Every structure is written in C-alpha cells, then in structure tokens.
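Enquirer: Turn this into a structure:
(one chain, ligands or ions: 1)
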Amino acid sequence: EHIASFSHMSADHASFPLDSWLKCEQQALKAERKQLENYVHPQGLYTVRQTLARFLRLTRGVKCRPEQIVLGSGTQQLLRQLSSIMNPDTTYGIEEPGYQRLRHLLESEGRSVAYVPLDDQGVSMSYLEKSRVSAVITTPSHQFPTGIIMPISRRIELLNWAVTNENRYIIEDDYDSEFIYDADAVPSLQSLDGSNRVIYTGTFSKSLLPGLRISYMVLPVPLLEKYRDKLAFLMSSCSTLTQLTLQRFIETGEYQKHIKKMTKLYRVRRERLIEELEKAFERTIEITGANSGLHFVVTVKSERGEREILERAKALGLEVYGTSRFYQQVYTSTHPSLVIGFARLSEEQMEEAVTTLKEAVYG
Ligand SMILES: Cc1ncc(COP(=O)(O)O)c(/C=N/[C@@H](CCC(=O)O)COc2ccccc2)c1O
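Expert: Next up, the predicted model:
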C-alpha cells in the first residue's frame, strides 16, 4: 500500500455524495420499473439525453438535440463506435503526449493513427496542416497530460483547418473540463462549430466515479444519420439504472452542488500543494498545466532520469507517474517531468508526500 499518492487516475472518492446518489437510485428503481424491464434506445434513454442536452448547453455551450447524443460505458466504447461509422481510411491524429489508450483502441480496430505534437497552445497547426491526419482527437479544456488550456484563437484555427476539407473532423474530448481555477472557461469547440465538424465527447468519470462507466458523445447530424444506418442494431452499453440515477442527480441540482463543492475543495488542495512543492524544491522545479483539472505537471532539474526517480519513489511507497508513458515516441528529455494529481491527496499527507518526492528526486 502506498503511504501517499500523486495518482492522476483517481477522483476523491471520499467526497462522493453517496446518500444523494443512493436516494436518486432508489427513486429511479421505484418510479421507472417499466424502463428497467425492457431494453432501452441504443443511444440511451431519450429523457436522459434530454437532460444531458440541457446540461451540456448550460455548462459547455454545446448546441445539440437529444437525438445527437449517444450514451456509452466509457470513452473508448464511444470511440470504437465512432470509428466504425467514419471513413475507413481516416487517419486519426493523437496528441503527443496524449491519452495512449485511445491510440491503442484505434490501432486494435486497424485504424491508421498518427501523432500530433503540441506547442504551448495545444495541437500544433503547422504540423497538422502538413500531416495526413483527417480526424484529430484533442483535449482542449485541460490537455491530457500537459494541462494546456487551448486558447480561443487556436480553437478557431483548428475549426478553419477542419472546414477546408469535408473529410476532416475534430473529436473534442472535453475530459477534465469540470474543474477550472485561475482561468475563465473557454467555450467548447463544438459550440463554435457551424459546419458539423466537431464530435464532442465527455465523461462523468472524473466528476463522479470512474466505476459508473457513463460517458457520452454528441454527433453532428450527418454522422448521426450514418450512426442510424450502421449501428441501429447496437444495444445501449451503459446501465439503464445508472442513466436514470444520473438524470435525477442532475435534475435535482445535486450534480451542480457537488461540482461547486469539489471545485472549492480541489482549489484549496491545489494551492496548498503548489506552496509545499515550491517550498521544498525552491527554484529547481517548473509547474505547468495547473489552471484546471485534477493534476498538473512538475518538471525537475535533476541529473536523474524519469525512470530512476519513479523507481526511487516506488521504493519509498509513493505513487506517482511520469509523462513519458504518454508519448508514442521514445521521450528523452533533459528534465524529467511528473504528473502530479491531487484528487486523492489529503492535506495531512501533503507535506510527507512532497518530502518523499524530494527524496526520490534529489535524495
Ligand atoms: C484524455 C482522456 N479522455 C477520457 C478519459 C476517460 O475515459 P472514460 O472514463 O472511459 O470515459 C480519460 C481517462 N483517463 C484515465 C487514465 C489515464 C491513464 O491511462 O493514465 C484517468 O481517468 C480518471 C482519473 C481520475 C478519476 C477518474 C478517472 C482520459 O485521460
């Protein structure tokens, strides 16, 4: 067992509003027996999609009708469905560094994949324009793992890139968009898209629990028609009970209340952690990508490479991940960088965790 964890792969489960979730679940079980006795619409219950459409418009400016939403048991399942209705010779662009599980999924489906390097504003347009990528998968709200927030100017450039060729798409993975600290929420790419180029995906894994397995995708109308042609045989892949519970949880305002509470809690934790890190490491670290999400990146000036630092951290009982795991290419950098998550780190553990990290890096 770890003494402390900087894992970016966990939400703060201790703060999950179990009582109100259970209440919504019991109400759903009682009031919606009919729905539970049958198979529901392949895209998920229409009434749940109505709630989600309203919620996405309110929180992310996403413009869509319930018909365009597909509920799924995780982002990977939705991407698998999407890649089966898109042009088979699409080349998918994955951010480098980026979320490798989506790359593995696309490769396992035999799709062609290329990597798209980043600059300090997100996906590099100069690279994209020269590449054969026709569908770029991007995480503009808090780039995974660097934490870059894509500014509006780059979003416009990206949309212009997409409209210059009708085979081009942007898959906006709005992961980690719920928690924003010292930055204004930037409108989603989908809300700026007037040409049916953006497929918007999101998940409740971070704001609620990854184990609920409830994620969603918003299809532009032309792709919705393809979805109906090719995938009408599918059954909804996420539990009807979870769908109905989530609907109540949103409709009763519990969800927004939870986000407000967690944003306050995470903001305090993030500030405390940054203070502790700067105190312990003085000017030998650089902290980036800290303005939103549940993790940031710490780059250290140390002769030790990432692998050695992680091995030492492990031996000291500290869970922490490096950024090289998010590169398709071998990543050799002079200064190793670590993904520092703070969702699961309590304030009591913080000082010890930082001291242990310093021991791993410089000890
Ligand atoms: C970019 C990106 N997009 C979507 C997802 C979520 O996918 P879904 O849960 O299937 O909808 C992840 C999950 N990334 C996960 C793993 C990252 C890694 O492999 O190192 C981390 O996910 C969680 C982190 C905290 C709390 C809950 C989940 C994604 O990193």
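Enquirer: Now do stretch 335-348, average pLDDT.
Expert: Model confidence over stretch 335-348 averages 92 on the pLDDT scale.
Enquirer: how about the residues of the stretch 201-350 of the chain near the ligand?
Expert: Thr203, Ser205, Lys206, Pro210, Ser215 (CB under 6 Å from any ligand atom). No exception for glycine: its C-beta is placed from N, CA and C like everyone else's.
Enquirer: Using PDB, write down the CA coordinates of stretch 104-119.
Expert: Once non-C-alpha atoms are left out, stretch 104-119 reads as follows in PDB (Å, rounded to 0.1, in the frame of the first residue of the first chain):
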ATOM      1  CA  HIS A 104      -4.300   1.500 -28.700                       C
ATOM      2  CA  LEU A 105      -8.000   1.200 -29.200                       C
ATOM      3  CA  LEU A 106      -7.900   2.700 -32.700                       C
ATOM      4  CA  GLU A 107      -4.900   0.500 -33.700                       C
ATOM      5  CA  SER A 108      -6.700  -2.600 -32.400                       C
ATOM      6  CA  GLU A 109      -9.500  -1.700 -34.800                       C
ATOM      7  CA  GLY A 110      -7.000  -1.500 -37.600                       C
ATOM      8  CA  ARG A 111      -7.400   2.300 -38.000                       C
ATOM      9  CA  SER A 112      -4.500   4.400 -39.100                       C
ATOM     10  CA  VAL A 113      -3.100   6.700 -36.400                       C
ATOM     11  CA  ALA A 114      -0.600   9.500 -36.500                       C
ATOM     12  CA  TYR A 115       0.700  11.600 -33.600                       C
ATOM     13  CA  VAL A 116       0.300  15.400 -33.500                       C
ATOM     14  CA  PRO A 117       2.900  17.300 -31.500                       C
ATOM     15  CA  LEU A 118       1.800  20.200 -29.200                       C
ATOM     16  CA  ASP A 119       3.000  23.700 -28.800                       C
END
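Enquirer: quick one: buried residues of that stretch?
Expert: Leu105, Leu106, Arg111, Val113, Ala114, Tyr115, Val116, Pro117, Leu118 (16 or more other CB atoms under 10 Å).
Enquirer: And those residues, which is closest to Gly293?
Expert: Set against Gly293, the nearest of the buried residues of stretch 104-119 by CB to CB is Leu118 (15.4 Å).
Enquirer: name the element the closest one belongs to?
Expert: Element membership for Leu118 (DSSP states H and E) is strand 112-119.
Enquirer: packing partners for that strand?
Expert: On a contact count with 3 or more CB pairs under 8 Å, 6 or more residues apart in numbering; DSSP states H and E, strand 112-119 meets strand 91-96, helix 100-108, helix 125-130.
Enquirer: strand partners of it, parallel vs antiparallel please.
Expert: strand 91-96 (parallel), strand 122-123 (antiparallel) (DSSP bridges).
Enquirer: who wins for proximity to the ligand among those?
Expert: strand 91-96 (8.7 Å; CB to the nearest ligand atom).
Enquirer: Quickly list what Thr288 is bridged to.
Expert: Val297.
Enquirer: Tell me the gap between stretch 2-20 and the middle of its chain.
Expert: In terms of CA atoms, centre = their mean, to the nearest Å, the centre of stretch 2-20 is found 16 Å from the chain centre.
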